[in-house]
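[1] What would the 3D arrangement of this be:
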Amino acid sequence: MGGYFQNIKDGFQSVFEGMSVTLASMFVRPVTVQYPEVDISTNETISRNYKSTLMGMPPNYRGILNVDLNLCTACGLCQKACPIECIVIDNVKCDKTGLTDKDGVAVKNRFTQKEALKTRASTRFDINMGKCMFCGLCVIACPTTAIKHTNKFEFNQSSLEELVLRFVSDEERSKAEARANEIDEEAARKKAEKAKKEEKAKEGEVE
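    Predicted coordinates for the structure are as follows:
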């Protein structure tokens with residue numbers, strides 16, 4: 001019998017809670033946001049234009065992806081983590097450098113807590129937003145937080161090709177490929193010089 005009366009109590013309580021929200025909304029003046037003229041992605045714009053409890057997109061909103069190539073090490077972990085293969089990355093060798101943020105602070109690999117080093121440069125970083133399901137797995141996999149979801153949700157395009165975000169320009173790709181060729185040539189030259197020195201050393205030992 002105790003369970004029976006408890007169920008009745010819980011039923012009345014749930015109805016009261018639901019009706020209290022409905023009754024409260026009856027005494028609140030409705031507000032119409034003039035979208036798309038008004039930017040609703042941030043709280044600042046909403047609070048400036050509307051005196052109400054309206055809020056913008058939450059901080060953890062999974063909107064259109066963005067990539068900071070200054071933090072990207074072209075490791076390809078985001079590409080591997082994507083379950084539907086909407087990320088495509090090509091890379092080449094580059095000068096070994098430590099990453100720093102916009103304030104000049106060294107960026108650490110958030111998995112190892114060691115300084116993040118860049119040894120590869122992206123010659124292609126494409127994200128097909130037409131295939132993306134906004135799961136956030138690529139963001140979780142990135143060791144330097146180079147790839148993130150933004151608050152942007154508007155992405156109407158007239159063709160499927162325009163749904164592909166390309167973060168590496170043709171100029172940047174050409175520059176990275178040219179530098180990679182220089183690095184390979186320099187490595188080959190050093191290897192040849194080392195081989196010559198070893199050969200001369202062997203000849204000296206034979207004499």
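[2] From now on I want contacts and neighbour counts done on CA atoms only, so please keep to that.
    Noted.
[3] Strands along the chain, start to end?
    Secondary structure of the chain (DSSP state E): strands located at 65-67, 87-98, 117-128, 147-149, 164-166.
[4] Adding mean neighbour count, write those out as a markdown table.
    What follows is the strands of the chain, written out as a markdown table (neighbours: other Cα atoms under 10 Å):
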| stretch | mean neighbour count |
| --- | --- |
| strand 65-67 | 19 |
| strand 87-98 | 17 |
| strand 117-128 | 20 |
| strand 147-149 | 20 |
| strand 164-166 | 16 |
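[5] Tell me which of those approaches residue 201 most closely.
    Ranking those by their distance to residue 201 (criterion: Cα to Cα) puts strand 87-98 first, at 31.4 Å.
[6] Which elements pack onto the closest one?
    Under the contact criterion of 3 or more Cα pairs under 8 Å, 6 or more residues apart in numbering; DSSP states H and E, the helices and strands touching strand 87-98 comprise helix 77-81, strand 117-128, helix 170-206.
[7] Let me know which of the ones you listed is the nearest to residue 40.
    Ranking the helices and strands packed on strand 87-98 by their distance to residue 40 (criterion: Cα to Cα) puts strand 117-128 first, at 24.6 Å.
[8] Which neighbouring elements make contact with the helix or strand of the chain with the lowest mean pLDDT?
    One helix or strand of the chain scores below all others by mean pLDDT, DSSP states H and E: helix 43-49, with a mean of 71. Other helices and strands packing on helix 43-49, by 3+ Cα pairs under 8 Å, 6+ apart, are absent; none qualifies.
[9] for it, which positions count as buried?
    Using 16 or more other Cα atoms under 10 Å as the test for burial, helix 43-49 gives residue 46.
[10] Of all the strands of the chain, which one is nearest residue 57?
    Between residue 57 and the strands of the chain, the tightest spacing by Cα to Cα is seen for strand 147-149, at 11.8 Å.
[11] Can you list the strands that the closest one pairs with?
    Its sheet considered, strand 147-149 pairs with strand 65-67 (antiparallel) by DSSP bridges.
[12] Give me the contact list for the partner strand.
    Contacts of strand 65-67 from elsewhere in the structure, counted by Cα atoms under 8 Å, 6 or more residues apart in numbering, are 146-150, 167.
[13] Using a markdown table, lay out those residues together with distance to residue 25 and pLDDT.
    Below are these laid out as a markdown table (distance: Cα to Cα, whole Å; pLDDT from 0 to 100):
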| residue | distance to residue 25 | pLDDT |
| --- | --- | --- |
| 146 | 42 | 96 |
| 147 | 40 | 97 |
| 148 | 36 | 95 |
| 149 | 33 | 95 |
| 150 | 31 | 91 |
| 167 | 45 | 97 |
